[in-house]
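1. Generate coordinates for the sequence data below:
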Amino acid sequence: MAVTHPLPACPSLRFGLVVRVFRTLAMPRPLSARDALILEFLPVADASGSSFSRQFAGLIEREDAIQVARLALTTAVSRLSNHRTAQAFLRATIAGALRHHLRDRVRLVRVSRREHEKGTTPFRHESLDQPQPKTGLCLLDLIPAEASAEQREESGQLEAMLDQLPANQAAVLRLHILQGLSIRQAAEAMGVSHTTAHRLERKALASLRAELA
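-> Numbers count the residues shown, from 1 in each chain. Purely as a prediction, here's the structure:
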């Protein structure tokens, strides 16, 4: 059975007891090892977040980047095994968390992890109506228009004619003429020499002219 201690009857004594209780509660408690590590490396997280926001200005706000970095810090300190390498480990972990956040939460279009790591997809968001600095054309103007019914019919007839040719001759015409590759690029794609690709193209064109005639 719990024993209760009555408060002193004197108001001054009761006030003194309350003051002592609040002083006890307000006394700083010793930090745990985890909290001490977080406070020690908090400037590293803030610096990483700030640097990342400058690198990708316009995509992620500084405060958001710092919050992501701090969250990564709090989850990573529990995996520290060597204090000597702690800073390098935490920097790498925080940088990975920031890149992951940029890939999954910031991009308008989510890309695969492989494409993101290759760096082949642009990070910045550009308007299709914004003129390009070199050409003055809008990106919207560069998008090919949908083929008309007549063009689709002609394309179908051309594909039917190509299907009548030997496979290597049809391939060089598709690569060089339809897809716009140079004859050398077409030859590399087919795994043949430039001379062979050129000879195949001449034979293919001669066959098509004969069929049209």
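
2. so where do the helices sit in the chain?
-> 11-26, 33-55, 62-76, 86-101, 113-118, 139-142, 149-163, 167-173, 183-190, 194-212 (DSSP state H).

3. Which parts of stretch 79-95 count as buried, going by neighbours?
-> 80, 86, 89-91, 93-94 (16 or more other C-beta atoms under 10 Å). For the C-beta atoms, the positions are set from N, CA and C on the backbone; glycine is no exception.

4. just the residues you listed now: which is nearest residue 42?
-> The shortest gap between residue 42 and any of the buried residues of stretch 79-95 belongs to residue 90, at 10.3 Å (C-beta to C-beta).

5. so where's the chain shaky on pLDDT?
-> For the chain, applying pLDDT under 70 flags the ranges 1-29, 105-130, 132, 135-155.

6. how deep is the nearest residue to residue 162 once chain neighbours are set aside tucked in, by neighbour count?
-> Counting by C-beta to C-beta, 6 or more residues apart in numbering, the nearest residue to residue 162 once its immediate chain neighbours are dropped is residue 170, at 4.3 Å. A count of nearby residues for residue 170, using other C-beta atoms under 10 Å, gives 18.

7. what does the one 10 residues further on give?
-> Other residues near residue 180 come to 9 when the count uses other C-beta under 10 Å.

8. and it, what are its phi and psi?
-> Backbone torsions of residue 180, given as degrees, to the nearest 10, read phi 80, psi 10.

9. Against residue 174, how distant is it?
-> When C-beta to C-beta, to the nearest Å is applied, the distance between residue 180 and residue 174 equals 11 Å.

10. can you check residue 40 too?
-> According to C-beta to C-beta, residue 40 stands 62 Å off from residue 174.

11. and if you look at residue 54?
-> To residue 174, residue 54 is 47 Å away according to C-beta to C-beta.

12. Run a quick neighbour tally on the nearest residue to residue 74 once chain neighbours are set aside.
-> Take residue 74 and drop its neighbours on the chain: the residue closest to it by C-beta to C-beta, 6+ apart is residue 38, 5.9 Å away. Per other C-beta under 10 Å, the neighbour tally for residue 38 reads 17.

13. so residue 38 touches residue 73, yeah?
-> Yes - in terms of C-beta atoms under 8 Å, residue 38 counts as a neighbour of residue 73; the distance is 6.2 Å.

14. on that earlier part again, could you dump the helices of the chain into JSON lines with distance to residue 131 added?
-> Conversion of these to JSON lines gives the following (distance: least, C-beta to C-beta, whole Å):
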{"stretch": "helix 11-26", "distance to residue 131": "63"}
{"stretch": "helix 33-55", "distance to residue 131": "26"}
{"stretch": "helix 62-76", "distance to residue 131": "30"}
{"stretch": "helix 86-101", "distance to residue 131": "31"}
{"stretch": "helix 113-118", "distance to residue 131": "27"}
{"stretch": "helix 139-142", "distance to residue 131": "9"}
{"stretch": "helix 149-163", "distance to residue 131": "28"}
{"stretch": "helix 167-173", "distance to residue 131": "36"}
{"stretch": "helix 183-190", "distance to residue 131": "30"}
{"stretch": "helix 194-212", "distance to residue 131": "38"}
